[in-house]
Every structure is written in C-alpha cells, then in structure tokens.
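In: sequence and predicted structure, then a few things I'm wondering about:
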Amino acid sequence: MAKMRVAQIPRAGGSFEIVEREIPQPGPGQVRIKVQACGICHSDSLVKEGLWPGLQYPRVPGHEAVGVVDAVGEGVTRWKPGQRVGVGWHGGNCGLCDACRNGDFFGCTVALQVTGISFDGGYGEYMVAPAIAVALVPEELSSVEAAPLMCAGITTYNALRNSNARPGDLVAVLGLGGLGHLGVQYAVKMGFKTVGIARGADKGLLAKKLGAHYYIDSQTQDPSAEMQKLGGAKVIIATVTDGDAMSAAQGGLGLNGTFMVIGAAQSMAASPLFLLLGRRSIKGWYSGTALDSQDTLAFSVLTGVRSMNEVYPLERVAEAYERMESGKARFRVVLTTGQ
Ligand SMILES: [Zn+2]
Ligand SMILES: [Zn+2]
C-alpha cells in the first residue's frame with residue numbers, strides 16, 4: 001500500500017506528531033484530495049486542546065485545505081481527478097432534516113460534520129472529504145493563496161455579504177489579524193465606507209494599506225465614540241476573541257445597526273437600552289458552505305483580495321502552530337506538502 005505523511009494530534013492536549021499512514025480510499029460520496037496547502041486556523045486549537053466534545057483521536061486537524069482531486073468514490077459525479085479544490089470548516093450535512101430542508105445546513109441535526117474534527121483534515125499529504133464539502137478553486141489563485149480563504153476568507157466575506165449594509169454604508173472591522181485583514185479588504189471591495197479598529201498606531205498603516213477609509217486606535221481612542229462621530233456603523237464585524245474589545249466597540253452602532261460576531265470570545269457586555277432605542281442587534285455568523293467558499297474565491301479573484309501568509313512545510317507543523325498561537329503571524333500561517 002502507498003503511504004502518506006500526516007501531522008496528527010494523538011490525544012487531547014498532545015503534541016503534533018508526523019506519522020506515516022496508508023493513503024485512504026474514498027468511500028461512496030467521497031473524494032480523495034492530494035493536499036498541496038492547508039491553513040492553520042485558531043479553531044484548530046479545539047482539536048489540539050481537546051475542547052470539542054466527543055472528538056475521536058488521533059485526529060489530523062485542518063479545515064483550510066487545498067489540493068487536487070486524485071480519486072472519487074462511488075456515486076460522485078460532480079468531481080473528477082485533476083480538479084483543484086478546497087475544503088473548509090463545513091464538512092457536510094444530511095440534506096434531509098428540517099434544518100437542512102430549510103437551507104440552514106450549518107444547523108443540521110442529523111449529520112453535521114466539521115472538517116478536521118469529525119474526520120481527518122488537511123494537515124497531511126492526502127485527505128478524504130464528503131463531495132458535498134468540496135469547493136472548486138479558480139486557476140488564478142495558487143493553493144497557498146486559496147487555503148486561508150477557506151475559513152478566514154469565507155467567514156468575513158460571507159458575514160459581510162449577509163449583513164444589512166449597503167454600498168456606501170459605514171462598516172467597521174474590529175481586529176486586524178488573520179480574519180480582520182481580509183475583512184477590511186472585502187468591505188472596501190464591496191463598496192462600504194470602511195473603518196479598521198485595532199490596537200496601536202502601526203496597525204493604522206496596515207489599515208490604510210488594506211484600503212480602509214478610517215482607522216480607530218482603540219489604545220488611544222474610544223472606538224464607540226469615534227464611530228458615532230462618523231455617523232454610527234451599519235455593521236460592525238467583530239473578529240477579535242477578546243470580549244472586552246467587543247464591549248468597547250458595540251456602542252459604535254448606528255440606528256438599525258448590527259454587531260456581527262465571528263470571533264469566539266467568552267462573553268461581551270451590551271446595553272439593552274442602547275439596543276432597543278436604536279433597534280440595534282447583536283448577531284453571530286457561521287462561516288458557510290462549500291458554495292459560499294467558492295463564491296469567496298471567485299470574489300477574491302475578481303477584486304484582488306489576498307491573504308498575507310507565512311508559509312511553513314508540513315514537517316515544521318509544531319513551529320507553525322506555535323507561530324499562529326503567538327498572535328504574531330502576519331497574518332495567516334499556511335502549511336505546504338511540497339506536492
Ligand atoms: Zn477556521
Ligand atoms: Zn440535516
């Protein structure tokens with residue numbers, strides 16, 4: 001049997017180990033992907049630290065995988081060997097439960113699957129994924145370019161396009177890290193009057209470089225007051241994982257404004273009176289399905305939005321993961337397999 005290398009987490013809280021395994025065969029309805037690149041996402045810590053209930057180990061993380069279809073299982077007609085594809089967080093759903101019948105695939109109650117959690121993900125030379133979880137990658141994007149768009153990209157792009165903001169509206173992106181640096185670019189390209197909010201003057205230069213029209217330094221300015229001076233935000237996309245930073249920014253919402261949470265903070269404070277008097281809302285957003293990923297990739301090609309990446313070979317996975325965890329990466333960390 002042909003072998004492959006994967007980077008697995010042997011147990012909750014364990015360290016990465018590079019191991020050899022047999023290359024898996026795709027079952028019915030599945031495709032096998034020869035992985036070329038896979039982004040490292042902060043959510044991969046759910047696997048590393050054992051924070052996902054019922055997760056089976058060993059597990060190969062990775063839900064920003066991009067590579068070439070190399071074999072397809074029985075009944076797969078949509079995908080063919082040779083096509084370059086990506087797999088994101090949403091790893092599949094049943095299609096038959098009431099949530100699925102309603103189009104809320106993220107809420108499937110029967111067979112909701114998460115890539116790199118329910119089944120092995122992209123930190124390896126090959127992976128097998130349900131055909132329903134696969135997105136076509138346009139040739140204009142390299143695999144390293146496409147990988148971070150499969151989670152960081154789709155999450156910000158899809159939250160923005162499903163928000164109630166219209167071209168010309170004031171839209172703020174809270175946090176200018178892996179998600180936020182993409183969020184600012186997408187917001188600008190969608191025609192929003194875009195505000196970047198982060199800590200420190202140096203991030204102001206970054207915000208301008210990414211195309212933001214305004215920058216608010218939350219270390220020296222009150223983000224809520226500054227947004228109100230600009231007329232109040234129609235939408236604030238909160239990419240940070242710090243609840244205090246969210247609390248400090250939610251007061252920047254204008255009338256009918258929506259605070260869209262995509263960073264998994266523990267808790268945040270909000271004023272019910274402020275919400276109801278201005279008919280404001282706080283809402284969470286789930287990344288999206290494979291077709292949303294495909295739309296994200298196409299929009300990125302159309303408008304030139306790209307992730308800034310630090311690239312590591314698969315064998316340096318532990319170092320690459322540490323780099324992501326340090327918060328110092330500029331801005332996404334991507335593993336490559338050399339294939
Ligand atoms: Zn992710
Ligand atoms: Zn379902």
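Out: Structure's in. What do you need? Ligands and ions are numbered 1, 2, ... in the order given.
In: this structure: helices as residue ranges?
Out: Ranges of helices within the chain are 45-48, 98-101, 143-146, 152-161, 180-189, 202-209, 223-229, 243-249, 272-277, 290-303, 317-326, based on DSSP state H.
In: among those, which comes closest to ligand 1?
Out: helix 152-161 (6.7 Å; C-beta to the ion). Backbone N, C-alpha and C define where each C-beta goes, glycine included.
In: can you name the residues in contact with the closest one?
Out: 39, 41, 64, 88, 149, 171, 173, 178-180, 182-183, 186-187, 190, 192, 235, 237, 239, 260, 262, 285, 287-288, 292-293, 295-297, 299-300, 305, 307, 332 (C-beta atoms under 8 Å, 6 or more residues apart in numbering).
In: what sits against the residue of the stretch 101-250 of the chain at minimum distance from ligand 1?
Out: Checking the stretch 101-250 of the chain residue by residue against ligand 1 with C-beta to the ion singles out Cys151 as nearest, at 3.2 Å. Contact analysis of Cys151 by C-beta under 8 Å, 6+ apart lists 39, 41, 43, 63-64, 88-89, 287.
In: 6 Å instead?
Out: Counting by C-beta atoms under 6 Å, 6 or more residues apart in numbering, Cys151 touches 41, 63-64, 88-89.
In: run a quick neighbour tally on the nearest residue to Leu253 once chain neighbours are set aside.
Out: Excluding its sequence neighbours, the residue lying closest to Leu253 (C-beta to C-beta, 6 or more residues apart in numbering) is Arg280, at 4.6 Å. When neighbours are defined as other C-beta atoms under 10 Å, Arg280 has 22 of them.
In: for the nearest residue to Ala212 once chain neighbours are set aside, give the beta-bridge partners.
Out: Spatially, and ignoring its direct neighbours in sequence, Ala212 is nearest to Gly196 (4.0 Å; C-beta to C-beta, 6+ apart). On the basis of DSSP bridges, Gly196 is bridged to Val173, Tyr215.
In: pretty sure Gly196 sits against Tyr215.
Out: Yes - contact criterion C-beta atoms under 6 Å: Gly196 and Tyr215 qualify, at 5.0 Å.
In: what do these two both touch?
Out: Joint contacts of Gly196 and Tyr215 (C-beta under 6 Å, 6+ apart) are Ala207.
In: for those two, indicate the residue with more neighbours.
Out: Ranked by neighbour count (other C-beta under 10 Å), Gly196 and Tyr215 place Gly196 first, with 28 against 22.
In: the more buried one: what's it in contact with?
Out: 173, 176, 184, 207, 212, 215.
In: and these, which is closest to Val311?
Out: Using C-beta to C-beta, Leu176 comes nearest to Val311 of the contacts of Gly196, at 20.4 Å.
In: isn't that closest one up against Gly204?
Out: No - Leu176 lies out of contact with Gly204 (C-beta under 6 Å); the separation is 9.4 Å.
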